[in-house]
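In: Turn this into a model:
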Amino acid sequence: QVQLVESGGGLVQAGGSLRLSCAASGRTFSIYAMGWFRQAPGKEREFVAAINWSGGSTYYVDSVKDRFTISRDNAKNTVYLQMNSLKPEDTAVYYCAAEVDYRDYPPVRLAEYDSWGQGTQVTVSS
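Out: Below is the predicted model of the structure:
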């Protein structure tokens, strides 16, 4: 399995921006599709965004479309989540996940991923 470490979380005012990073180690990064999920207090973990192994295909949950951008740098073994126009409802622990997958489109279901990071807290104040 690949090891994943998220960073970049913090406290930001509504309308602000944050960029999350997820550094991978342990196996060849480019064979993995990568996803970002989040879990708010008292709620189930939910899908946010995903990117396929090459970076050529991305997918977003409707609530973050046009505000969040997922990208990857295979040379740096890192996936990013740029979050703009943040809202209080974006407050959650954000997790990155990895799955060996060579399809043209990335997996979007939580159960499809078998490697997870420890999470990073994002808090958006109103």
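In: Can you point out the buried residues in stretch 91-108?
Out: 91-99, 101, 106-108 (16 or more other Cβ atoms under 10 Å). The way it works is simple: take the backbone N, C-alpha and C, and place the C-beta from them, glycine included.
In: Out of those, which comes closest to Ser115?
Out: Ala98 (4.2 Å; Cβ to Cβ).
In: what's the lowest-pLDDT member of the buried residues of stretch 91-108?
Out: When these are compared on pLDDT, Asp101 comes out lowest, with 89.
In: show me what contacts the spatially closest residue to it that is not a sequence neighbour?
Out: Excluding its sequence neighbours, the residue lying closest to Asp101 (Cβ to Cβ, 6 or more residues apart in numbering) is Ala33, at 3.9 Å. Going by Cβ atoms under 8 Å, 6 or more residues apart in numbering, Ala33 touches Ala50, Ile51, Asn52, Trp53, Ala98, Glu99, Val100, Asp101, Arg103, Pro106, Pro107.
In: Tell me the pLDDT of Ala33.
Out: 95.
In: Distance check, it against Ser57.
Out: 9 Å (Cβ to Cβ, to the nearest Å).
In: Residues that sit against both of these two, list them.
Out: In contact with both Ala33 and Ser57: Ile51, Pro106, using Cβ under 8 Å, 6+ apart.
In: Tell me which of the buried residues of stretch 91-108 fall in strands.
Out: Ala92, Val93, Tyr94, Tyr95, Cys96, Ala97, Ala98, Glu99 (DSSP state E).
In: Residue ranges in this structure under the pLDDT threshold?
Out: Regions of the chain meeting the criterion pLDDT under 70 are absent.
In: quick revisit: ok so the residue nearest to Asp101 is a helix residue?
Out: No: assessed with DSSP: H, G, I helix; E, B strand; the rest coil, Ala33 is strand; it does not lie in a helix.
In: Good, we can wrap up now.
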